[in-house]
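> Structure, please.
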Amino acid sequence: MAKATAMSLPDEVMIEILSRVDSTNHLELRCVCKLWKLLVLDPLFMKNHLLTSITDLASICCKANEQFNALKSCIKEEEKEHNEEDLDVDINGEEDEDGDGANFDAEEEEEEDVDFDAEQEEEESKNNVLAELNKFMEKDNQLEKKVENLDNLDVQWMIINVAKFDNILTYIGYIKSFTLNFLESIKSLEDRMELKGNLESVKGSEKVCDKQQKEEAELMRKES
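A predicted model of the protein is given here:
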């Protein structure tokens, strides 16, 4: 029975296999599919494995955008309350002028100047914060554009690493075959040495037997 190859498997089976394979384990990929170099170009593989970092980065950008919108809404509410307070002050000032305008003295004018300066400083600080947030959002948009190109960079990075890893595996295969051949030669040499030793021991035992036979023959002659 012929073995099933990766190309002969149904798409559903390949999708299930790829969803369970660790993209960083090249040996596991090699065991799953002989065409593992083409897996980096598979959109399912890219979606399940290589775009996880982009997803995490997008979630971080969304959280930053939410915080930016919340801060911006708080600043707008503070500006609205500040405008309402200014309107109340203007109305009260007009009523005082109609009723008793002579009660405004130099101290009140100085306090108004101080309050006006403080309000200007507060508005400048708010504007600076908004400017910084706008810069942050611009950088965030640029980062999102760069993230869109990360899939192509990940593909190129994976292909380069796959090629390097393939060369390493080839080199390891050469070393392994050389080592096996060396071990086989050593084993054959040991076998020859052992065989030679056995032959020498056999020859020695034969000599001893011949000597004993000769001695026995001489004894028999003397007795006869």
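> Going by secondary structure, Lys176 is in what exactly?
In this assignment (DSSP states H and E), Lys176 forms part of helix 150-223.
> That helix packs against which elements?
Using 3 or more C-beta pairs under 8 Å, 6 or more residues apart in numbering; DSSP states H and E as the contact criterion, the secondary-structure elements in contact with helix 150-223 are helix 52-100. For the C-beta atoms, the positions are set from N, CA and C on the backbone; glycine is no exception.
> Show the average pLDDT along the helix it packs on.
Helix 52-100 carries an average pLDDT of 65.
> before we move on, what about stretch 185-200?
If you average the pLDDT over stretch 185-200, you get 79.
> do stretch 128-147 as well
So the average pLDDT for stretch 128-147 ends up being 71.
> what's the domain layout of the chain?
As given by automatic domain parsing, the domain ranges for the chain are 1-50, 52-93+109-148, 152-224.
> Look up how far Asp210 lies from Ser222.
Residue 222: Lys, not Ser. In this view, Lys222 and Asp210 are 19 Å apart by C-beta to C-beta, to the nearest Å.
> Among these two, which residue is more densely surrounded?
Of the pair Lys222 and Asp210, Asp210 is the one with more neighbours under other C-beta atoms under 10 Å, namely 10 against 7.
> ok, now how distant is that one from Ala217?
If you measure Asp210 against Ala217 using C-beta to C-beta, the figure is 11 Å.
> repeat for Leu189
The separation that Leu189 has from Ala217, given C-beta to C-beta, amounts to 42 Å.
> Likewise for Glu132?
Summarising the geometry, the distance separating Glu132 from Ala217, computed by C-beta to C-beta, is 119 Å.
> swap in Gly204?
Taking C-beta to C-beta as the criterion, Gly204 is separated from Ala217 by 21 Å.
> now swap in Val208 and tell me
Distance, Val208 to Ala217, using C-beta to C-beta: 15 Å.
> what's the answer for Glu119, then?
Note on Glu119: its distance to Ala217, by C-beta to C-beta, is 137 Å.
> neighbour count winner among those two?
In this comparison of Glu119 against Ala217, neighbours counted by other C-beta under 10 Å, the higher total goes to Glu119 at 13 against 10.
> Surely the more buried one touches Glu79?
No. Under the contact definition of C-beta atoms under 8 Å, Glu119 does not touch Glu79, with a separation of 10.8 Å.
> Share the number of residues neighbouring Ser177, please.
Neighbours around Ser177, by other C-beta under 10 Å: 10.
> and it, what does it touch?
Contact criterion C-beta atoms under 8 Å, 6 or more residues apart in numbering gives no residues in contact with Ser177.
> Same check on the one 5 residues further on?
Residues in contact with Phe182, defined by C-beta under 8 Å, 6+ apart, are absent; none qualify.
> Check the gap between Leu219 and Lys211 for me.
For Leu219, the distance to Lys211 - C-beta to C-beta - is 13 Å.
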